[in-house]
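J.: Sequence isn't available, so here's the structure alone:
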């Protein structure tokens with residue numbers, strides 16, 4: 001980075017604005033609270049020495065990860081803005097959306113029954129119906145919030 005350059009400014013200068021915007025949207029949708037500096041990486045080509053952002057990884061602190069039983073899960077508030085660790089943004093996923101420029105708002109696919117089937121296809125017997133329903137509710141409600149954000153600009 002250059003002197004006094006923020007991580008976000010560095011990423012934009014490298015030409016990664018779209019990748020950063022996508023990351024912020026995904027993290028907002030899944031309520032990822034763990035995007036610190038070690039969870040955002042850069043890959044450098046040995047051949048041409050070009051750098052690019054690595055694919056997103058480490059999504060362990062997402063959705064309702066801190067609920068330990070169905071009772072806690074049934075009280076989970078999908079709208080709550082829980083504190084996050086964000087290398088390129090702040091401690092609020094709502095505030096981090098404001099880092100996305102209008103032109104970088106991403107058109108999301110439909111969140112329909114087919115997508116739900118695909119997402120939860122191999123989780124039968126692994127997580128309860130309540131967990132699957134809660135995760136789906138998080139995605140649906142936070143998608144609406146994201147679309148409202150994009151449409152209000």
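T.: The structure has been received and is ready for your questions. Quantities reported herein were computed from a predicted structural model and do not represent experimental measurements.
J.: Quick check: pLDDT value at the residue most central in space within the chain.
T.: In the chain, the C-alpha nearest the mean C-alpha coordinate belongs to residue 27, at 1.1 Å (Cα atoms, centre = their mean). pLDDT for residue 27: 96.
J.: Then residue 7?
T.: pLDDT at residue 7 comes out at 93.
J.: swap in residue 74?
T.: 90.
J.: Per-residue confidence at residue 55, what does it come out as?
T.: 95.
J.: For it, pull up the helix or strand it's in.
T.: For residue 55, there is no helix or strand it lies in under DSSP states H and E.
J.: so what's the backbone phi/psi at it?
T.: phi -60, psi 150 (degrees, to the nearest 10).
J.: That one: neighbouring residues, count only.
T.: Residue 55 has 8 neighbours, counted by other Cβ atoms under 10 Å. Yep, even glycine has a C-beta here, placed from its N, CA and C like the rest.
J.: Likewise for residue 6?
T.: Residues near residue 6, counting by other Cβ under 10 Å, number 12.
J.: Show me where the chain has its helices.
T.: With helices called from DSSP state H, the chain shows them at 7-13, 17-30, 70-74, 93-97, 113-120, 129-151.
J.: ok, residue 100 - contacts?
T.: 21, 24, 25 (Cβ atoms under 8 Å, 6 or more residues apart in numbering).
J.: again but with residue 1, I slipped
T.: Applying Cβ under 8 Å, 6+ apart, the residues near residue 1 are 7, 9, 10.
J.: again, only this time at 7 Å
T.: Applying Cβ atoms under 7 Å, 6 or more residues apart in numbering to residue 1 gives the contacts residue 10.
J.: Over to residue 51?
T.: If you count contacts by Cβ under 7 Å, 6+ apart, then residue 51 has 14, 42, 43, 44 around it.
J.: can you tell me which of those lies nearest to residue 104?
T.: Lowest distance from residue 104 to the contacts of residue 51 (Cβ to Cβ) belongs to residue 14, with 15.2 Å.
J.: Not counting sequence-adjacent ones, nearest residue to that closest one?
T.: In space, and not counting its chain neighbours, residue 14 is closest to residue 51: 6.5 Å by Cβ to Cβ, 6 or more residues apart in numbering.
J.: what's the answer for residue 94, then?
T.: residue 81 (5.0 Å).
J.: for residue 130, same thing?
T.: residue 70 is the one closest to residue 130 (Cβ to Cβ, 6+ apart), at 5.2 Å.
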